[in-house]
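Trainee: Here is the input, now give the coordinates:
(chains A and B)
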Amino acid sequence: MKRLRRITEGRSGMIFHALSSVLIFFLWRLAGMPSPGMLGRLVPLAWLITAVVYGKGGIPGVSIYILAAFAILSIFWTVDPALEVISAACGLMGIIPGLLAVSSRRFGIILALLPLIPMILLLVPFTGDEPHYASLTESLISSGTGRFSEFSSQICDPSENISHHQSLYPALMIPGFPFSVTGIRGMNLLFAIAALFLMSMIFRNSGFENWRKLAVLGFLLVPGCSILGLVYPGWLALAVFLSGVYAAMRSKSNLWVITAAIVLVFLKFRFIGISLGLLAVLVTESKGRRKLILPVTILFLTVAGLLFDLLILNGRVFWVRHGNIAFIKTILIQPLIRMPEVLIAAGSSLVDIESGLLWKAPWVLAGLAGLPLLKSENRKLFIWLGLPALSYFIILLFWTPTDWSGMPTPVGRMLLPLLPVLLASLGIMMKRKGVRILVWASLGISAIFFTHPILRFNFADGTDSLVTRIFGPSSSITEWVPSAVRLDIPVFAGWIVLAALIVWLLAHKSRYTEYTITSAFLVLCLFGGMEKKSWEAEDIPSQYRNYCTVYPDEMDLELRKFWFFTRERMLRLSRSEDAVILPVPEIAGDSLKLTIFHRSLRSEPLSGIEVSYGEWCDSVYTSSELMENPRWVTFMKEDIQLPYNPENMREVRSEFVFPMSDCGDRVRISPLGVEGRSGRFSGIFLDRILFR
Amino acid sequence: MQTTGKLVLASAVSAAAIISHGFSFFSMAVCLYAAGTALLRGPRAVTLLAVTLGGFSLLSFGSGPGPALLTAGAVLAVAFSASTISRLLFCLSAAAVLFYGTIEGMIPIAAALFLASPLSRERWRSLMLAGGLMATLLISGLPSNEEHRIFVSEEVLIDNGLIWPGPVELNLSMPQIVLYAPGMDIAEMTLHVSAGGVRDHDPLGYAASGDSTFPVYPGENILLIEEPEFPVSIRISRPWKPFNHPVIHFDYGEASL
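Mentor: The predicted structure follows:
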């Protein structure tokens, strides 16, 4: 007995985590929650591993409350599909205080990562760019057809035999390849650990007290957790970037910084922004003769590299992809002609519901608020982490303003290079009012992404998979959240202003910060809970439509990437059986006004829309006009002729007014003039339906 | 945050809820919950959880998970709030949800809340509430929504037929899928369904078309329905039972015209 007491003494935290593991395992089965064989084991396993790594220490107080929330919510999971997601996330979130506590120990970062590894390896679907990278690794070690050979080409590859991905990153995954998907993901976990280790070292050397905890938050929070352990080069690039910063700050090694800058370009060309930032800092921070020698050396190395690529590698790194006039024009049109798009892309990185960090990682607001403080307290760290991140971000936006987000791969992955500077800034802001709310909200979202990783993936269609899963496709919340795909300027601008206000309040230590954050959340919830009066046609759930098809029928963003005017999908009504039957919301007044935004191609006979409401019926026949080429398209290619596709047609707005009497509670919208017609673009393409 | 500020915020939310949704037992529950949260004295994490659950309940005002989220928040707050008034307000909020009546099987939880809220010791309250949750499971099973949670499948016209694409997972939170074929005369349809998660070989649910029913057994099922009457539905018929996780995967359905 004494021996048992001696063993358990001071280990209440470990015992708590172990018992909680058993409790969650038992409750999951008692409540009959879904996925008992996978999620119902992996969540308790995460608790059990936390218990093993926890060592000596008390019970983390917050874990008890989150565990209690899981126990309560698990009883209610059958009430609605959303509760299953929330309760499972609570089940996992309970270990986070333990992981943060573990982080202060020796090898704390690795110990804190261990409980999540089984989930990352087993639960996250192997999709997006992952199989393509795996096929590249496979092609480097075997010439025959292997298990990933069917993924050897992608739509955006420059030619059949040349992938738009480079070979260095796939080559570095070769040691893990014999162990298949687990092996190559394991290699990426090693890259992430290296990056986190370097980040923690930089923070420690810069005088941060909570340097290990910050590194752990780095992989727990979006964008860190989005591709943690997945086959994407982001974490490896971060490791290379941070190795350059670490070397420069510690030993003032110019050679290492230049090497890191070169390696980053060979990993993936988009990381050239980080390289340029690193080299810029190197030049600005150098003194004396070096200030002259360094730019000349860098210029010489760049020219030599380009010649080496052209003459020895047959242009496989740069020239085959970017050595053409179209690429130069692409770079030129962004600041000259497409500045509004670039600005929207910049705003989207923060507020867009699908790719913006505000919705997945609200802690970023604290990170942004702390930047001036970081600059004044630790200018060197600010410059070394900030300038490469900024130049990367700017190049990302100017290069691909409409698809900088890289969807449909996990949300936030493109913004990973911004993580170190924002974390450093967060480290300074941590004790301010309101910051913890943002951090815990972000950790809650990360917990959902760990338990339901499929919700990380969006398709640039204006809907967020997490929001749709939790609140349902019929929720009004979609009207109040900003989307770059379905741009609503007042909503978009409103959220930018709100984000700026919170950043300002945080930066000025205002006592109204917490009120503002809580009020914003509650106001959004109140608006989101109102009756739906506006429908994006392509979102209309199947219970409100007969047949109809969504155009384009593929989810893949690549199909909409080169649409010039809109990237929204549309609902196509092309057969007489197709119809939309919507519930009529409560409207004050004596008439119901229905506004329909739609497109239809010119044809004989004309296509039209019929709207019926009880005994009343009205119809309109319309055809859309082809829009003119945008200026930037003409700049790229003068003789381009826009095809007669729905996305190139001008939107038509049709209004219908009906008397509000006992006409029933449904409105039916159906196409006219579609009998006996066929063709790819026949019929009506609905965009939006508004009730007033 | 100061208590006065919290109360102002709670009053604003309550007023907004009543103005936008009218007066109902659920609106009342929201007002009581908001007041309870404003007066909550306890760990910050509990306040944050209570605000989050309460906020989410506004998003599905009075329907879907809204009442359940409010009740869950009330149970959590009663367990850990040090303020008796706050606990009583949460308790009344749960009672209003009970009267609102969209969730079945709530009486034991409400009773436990009434018994626990006056108790001053956190440990006793937690035990009482845990007992209440267990009693709920024993007496009425898992609380369930009175609203029919039905997934309506999309129907897609193809060259010479109709398909209902999948996969769709049915479980106890969404136990039914309905298939329509508006304006079509269909001679025969085939449903590809798999099921599992139970510890016996009895039917787990059924497909229904008019008066005919077709059992769905654990494992792979291909159901052939001649001259189907629409809507055709597939439903899990097993009620909640501990250590059972009934699930039906609707893979797809097809019919020729």
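Trainee: Point out where chain A drops to low pLDDT.
Mentor: Applying pLDDT under 70 to chain A flags the ranges A:1, A:4, A:7-8, A:144-145, A:151-162, A:662.
Trainee: Now do whichever helix in it runs longest: distance to the chain's middle.
Mentor: Counting by DSSP state H, the longest helix found in chain A is helix A:180-205. In terms of C-alpha atoms, centre = their mean, to the nearest Å, the centre of helix A:180-205 is found 20 Å from the chain centre.
Trainee: which residues touch the residue of the stretch 551-692 of chain A found nearest chain B?
Mentor: Residue nearest to chain B within the stretch 551-692 of chain A (C-beta to the nearest C-beta): A:Glu577, separated by 5.2 Å. Bear in mind the C-beta positions are built from the backbone N, C-alpha and C, glycine included. Counting by C-beta atoms under 8 Å, 6 or more residues apart in numbering or on different chains, A:Glu577 makes contact with A:Asn546, A:Tyr547, B:Leu157, B:Pro182, B:Gly183, B:Met184.
Trainee: what helix or strand does it sit in?
Mentor: For A:Glu577, there is no host helix or strand (DSSP states H and E).
Trainee: Quick one: the helices in the stretch 401-550 of chain A, in order.
Mentor: Per DSSP state H, counting those that start in this stretch, the stretch 401-550 of chain A carries helices over the ranges A:419-429, A:435-451, A:465-471, A:477-480, A:489-507, A:513-528.
Trainee: so which of these comes closest to chain B?
Mentor: helix A:513-528 (4.0 Å).
Trainee: out of the contacts of A:Glu577, which is most surrounded?
Mentor: Within those, most neighbours by other C-beta atoms under 10 Å in any protein chain shown means A:Tyr547, with 23 neighbours.
Trainee: Over to that residue: give its phi and psi.
Mentor: Backbone torsions for A:Tyr547, taken as degrees, to the nearest 10, come to phi 50, psi -120.
Trainee: That one against B:Pro182, yeah?
Mentor: Yes - A:Tyr547 lies in contact with B:Pro182 (C-beta atoms under 8 Å); the separation is 7.4 Å.
Trainee: Can you pull the residues that touch both of these two?
Mentor: Counting by C-beta under 8 Å, 6+ apart, the residues touching both A:Tyr547 and B:Pro182 are A:Glu577, A:Ala579, B:Glu155.
Trainee: Measure how buried the closest residue in space to A:Gly186 that isn't next to it in sequence is and give me the count.
Mentor: Sequence neighbours aside, A:Gly176 is the residue nearest to A:Gly186 in space, at 5.2 Å (criterion: C-beta to C-beta, 6 or more residues apart in numbering or on different chains). When neighbours are defined as other C-beta under 10 Å, A:Gly176 has 21 of them.
Trainee: Name the residues linked to B:Phe214 by a beta bridge.
Mentor: B:Ala207 (DSSP bridges).
Trainee: That one and B:Pro228 touch, don't they?
Mentor: No - in this structure, B:Phe214 is not within contact of B:Pro228 by C-beta under 8 Å, at 10.3 Å.
Trainee: Neighbour count: these two, which is higher?
Mentor: B:Pro228 (22 against 18).
Trainee: ok, how many other residues are close to the nearest residue to that one once chain neighbours are set aside?
Mentor: Counting by C-beta to C-beta, 6+ apart, B:Pro228 lies nearest to B:Ser209, which is 4.4 Å off, once chain neighbours are set aside. Counted with other C-beta under 10 Å, residues neighbouring B:Ser209 total 20.
Trainee: Could you do A:Thr518 as well?
Mentor: Using other C-beta under 10 Å: A:Thr518 sits among 22 other residues.
Trainee: same thing with A:Arg668?
Mentor: Counted with other C-beta under 10 Å, A:Arg668 comes out at 16.
Trainee: cool, and B:Glu147?
Mentor: B:Glu147: 12 neighbours (other C-beta under 10 Å).
Trainee: show me the contacts for residue 39.
Mentor: I went with chain A, as the question did not name one. A:Ala88, A:Leu123, A:Thr451.
Trainee: I was after chain B.
Mentor: With C-beta under 8 Å, 6+ apart, B:Leu39 has these contacts: B:Thr3, B:Lys6, B:Leu7, B:Ser83, B:Ile85, B:Ser86, B:Leu89.
Trainee: Can you tell me which of those lies closest to chain A?
Mentor: Of all the contacts of B:Leu39, chain A sits closest to B:Lys6, with 8.8 Å by C-beta to the nearest C-beta.
Trainee: doesn't B:Leu69 make contact with B:Phe56?
Mentor: Yes - using C-beta under 8 Å, B:Phe56 is in contact with B:Leu69, at 5.2 Å.
Trainee: Those two: who's more crowded?
Mentor: B:Leu69 (28 against 24).
Trainee: Excluding residues flanking it in the chain, which one is nearest the more buried one?
Mentor: Nearest one to B:Leu69, counting by C-beta to C-beta, 6+ apart, is B:Ser57 at 4.1 Å.
Trainee: ok and the helix or strand encompassing the one you found relative to helix A:513-528, angle-wise?
Mentor: Applying DSSP H and E as the criterion places B:Ser57 in helix B:44-59. On the basis of axes from the mean of the first three to the mean of the last three C-alpha atoms, to 10 degrees, helix B:44-59 is oriented at 20 degrees to helix A:513-528.
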